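A.B. asks: Using only what follows, build the 3D model:
(one chain, ligands or ions: 2)
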Amino acid sequence: MATALHWLLLGSLSLMVSLERSVFWRGAFLIEGREFGWREWWKNTIIYQIYPRSFMDSDGDGIGDLKGITSRLEYFLDIGVGAIWLSPIYRSPFVDFGYDISNFTDIDPIFGTLDDFDELVDHAHDLGIRVILDFVPGYTSDQHPWFVESMKNRDYRNPYRDYFVWKDPKPGCVSSDPRECIPTNWISPFDGPTWTWDETRQQFYYHTFTKEQPDLNYLDPSVREEMKNVIEFWMKRWVDGLRVDAIAFIIEDHYMRDDPPNPNFQPSELATRVVHHSTLNIYSHNHPDHHEIVKSWRREVMEKYSAEPNYRFMMTEAYNKPAILVDYYGTDDDPEADFPLNFQFMDLHAKDLSGTAIFNLVDEWMHNVPDGKWPNWVVGNHDNYRIGYRWGMEYARAANVLCLLLPGTPTTYYGEELGMDHIKVTFEETQDPWGKNNPCCWEKYSRDPERSPMQWNMEKNAGFSTAEKTWLPVHDNYKMGVNVESEQKDPTSVLSLYKALARIRMQRPAFHTNAMDYGIVTDDIFSFIRRPNPDESEQPSYLVAIHLGKKSIVIGDYVNALLANGVTIDSSEGVVEISSRMDRNGETVNLEALELRLGEALVVGIGKDSLLKTEL
Ligand code: NOJ
Ligand code: MG
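C.D. replies: Ligands and ions are numbered 1, 2, ... in the order given. Here you go, the predicted model:
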């Protein structure tokens, strides 16, 4: 097993050069342009999110698994993806589909074994693909042995006594029933209460999410140590990075202050439960001490395992304004994440979609990213409806263009590269606890629609599984060509577009900087220009122009718009290198009167010799 070999090489990490630069060597194309340093591999790739239950089922039980993922790794070489992030694969009762963990250092049998995991990592590394794991530091499953022990008593001899956030009934509360005296008014992001009464300990325990996910108590130094050991366990198994889950909820206010009401909250007629946004979550979320903890993971564990060429990458998950999020970059002296995931596009819905809306979201992010730090973009994940539902299917291609060509690292949620759509799931078939626990309005909450099985081909269950029934239904549109195999053959498919975008961002130095300039920005159009660093000025620049309005056609004068923003271009003629419908590639266009069709995005090469020599 190659992992044993890894161990032998631990003392001579520099021998592990096979990982460095091998990304894409076996793929359809070679890296050209700027070489990124060994600590920067995550800057020059796409991070592809795999939802393991839904990616590929190898054993016919209708649920995706690790062997399934391993069997599909070559796909990433073909589409130009150099890093995969796996949503949780640890032992779990699956109340919250793997985000409720009963053993942080073992694989759930549904997904396979630790040997299967090692095999996946080894094979990925052989192909030059990095593997990122979901790290869920804030809470466990209520079936985790730590919680089982912690529940038993509050005896000081119980080593797990303080592993969780246990509290007595609120002081001063007058009620004959202690269960009514909840310690604080904090509301779960899943809506509803965050405290559950435990009869044995005669105390409440805190859970940011479901009651089956008790929060760990980071004020207990043993908990901090345990979680560092968890990171270390996976670093030793050659994991290349972590996506840190729900980082805004690790520590709560030490004084147990109630959150104040949100003056802007408008109760919706659907909401029959206590709603998260009805309070301002100033005491329950975003405690400043989070940063110290993230720094300690970076400094004390990840750095220790970051010998050349194996830099261990970290990205954090929190839904916050960019001004708050950017603190997770840490400082130059004491860094935290390589980037906090940027969810600017998540709350934008069809009715508000416009060029100006996108500009505002992009610009807010770009302005907040500290100097020298690297941006990133996300258009979908397992917690939000797919982009086609949120923006409209006619903009799904444009979303890929934005995500892959804005400055920084893109994250692709599986199936986005195919234009996969959300599925409809009845209440009876609903799996997601957020839907199941809200019968009144499950459709509003359930995240099942965006978690449907990956569509590989025209065979049964879209080639995902041989089972009679898959854990969630497969979208029927796989029969109409929305699947990998069919799209590979169709030069105008979303997948062909995606591959062309992946190629250009990898090959052209204009896309290797963390900067851009804006072109035309109106309600109909969002556009920007990407230019190489001055020392590579012989390389082409690119105008990316996207129609995000409602008109069937918009025509714009990009030469003058760029001039107004201080960018002069030599010629008003450009060549379309990629058109989102893949039907205008190679067309010579006049940048003073460039036409875009509804939802269309064009990547126009500017300057001499701009056209890629390779076939797109
Ligand atoms: C964040 C994860 O992305 C989400 O899927 C999960 O439900 C919550 N954490 C709570 O566990
Ligand atoms: Mg399976």
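
A.B. asks: which element is the residue lying closest to Ser446 once chain neighbours are set aside on?
C.D. replies: Counting by Cβ to Cβ, 6 or more residues apart in numbering, Gly435 is the residue found nearest to Ser446 once chain neighbours are left out, at 2.7 Å. (C-beta placed from N, C-alpha, C; glycine too.) Gly435 belongs to helix 433-436 when elements are defined using DSSP states H and E.

A.B. asks: So which elements touch the following helix or strand past that helix?
C.D. replies: With elements assigned by DSSP H and E, the helix or strand that comes after helix 433-436 is helix 442-445. Packing partners of helix 442-445 (3 or more Cβ pairs under 8 Å, 6 or more residues apart in numbering; DSSP states H and E): helix 433-436.

A.B. asks: got the buried residues for the helix it packs on?
C.D. replies: Pro433, Trp434, Gly435 (16 or more other Cβ atoms under 10 Å).

A.B. asks: Can you dump the C-alpha atoms of it in PDB for me?
C.D. replies: Only the C-alpha atoms of helix 433-436 are listed here, as PDB (Å, rounded to 0.1, in the frame of the first residue of the first chain):
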ATOM      1  CA  PRO A 433     -33.500  17.100   8.800                       C
ATOM      2  CA  TRP A 434     -34.000  20.800   8.100                       C
ATOM      3  CA  GLY A 435     -36.900  19.800   5.800                       C
ATOM      4  CA  LYS A 436     -38.200  16.900   7.900                       C
END
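
A.B. asks: If you tally nearby residues, what's the number for whatever residue of the stretch 301-450 of the chain ends up closest to ligand 2?
C.D. replies: Nearest residue of the stretch 301-450 of the chain to ligand 2: Gln431, at 15.3 Å (Cβ to the ion). Other residues near Gln431 come to 16 when the count uses other Cβ atoms under 10 Å.

A.B. asks: again with Asp332
C.D. replies: Neighbours around Asp332, by other Cβ under 10 Å: 10.

A.B. asks: What separation do you get for it and Gly372?
C.D. replies: 8 Å (Cβ to Cβ, to the nearest Å).

A.B. asks: In contact with the nearest residue to the residue of the stretch 301-450 of the chain closest to ligand 2 once chain neighbours are set aside: list those residues for me.
C.D. replies: Counting by Cβ to Cβ, 6+ apart, the nearest residue to Gln431 once its immediate chain neighbours are dropped is Asp448, at 5.5 Å. Listed by Cβ atoms under 8 Å, 6 or more residues apart in numbering, the contact partners of Asp448 are Ile423, Val425, Glu429, Thr430, Gln431, Asp432, Gly435, Leu472.

A.B. asks: mind checking how far Asp448 is from His382?
C.D. replies: 10 Å.

A.B. asks: Same check on Ile553?
C.D. replies: Taken as Cβ to Cβ, the span from Ile553 to His382 is 36 Å.

A.B. asks: Neighbour count: those two, which is higher?
C.D. replies: Neighbour comparison, Ile553 and His382: the larger count goes to His382, with 19 against 11 (by other Cβ under 10 Å).

A.B. asks: Let me see the contact set for the more buried one.
C.D. replies: Going by Cβ under 8 Å, 6+ apart, the list of residues near His382 reads Gln49, Tyr51, Ser87, Tyr413, Arg447, Glu450, Arg451.

A.B. asks: where's it, which helix or strand?
C.D. replies: Counting by DSSP H and E, His382 is found in no helix or strand.

A.B. asks: what's the answer for Leu563, then?
C.D. replies: helix 558-564.

A.B. asks: Tell me the buried residues in that helix?
C.D. replies: Tyr558, Val559, Ala561, Leu562.

A.B. asks: show me the contacts for Met582.
C.D. replies: Pro491, Thr492, Ser493, Ser496, Leu497, Ala500.

A.B. asks: now, which of those sits nearest ligand 1?
C.D. replies: Leu497 (27.4 Å; Cβ to the nearest ligand atom).

A.B. asks: Burial check on the closest one, number of neighbours?
C.D. replies: Neighbours of Leu497 (other Cβ under 10 Å): 27.
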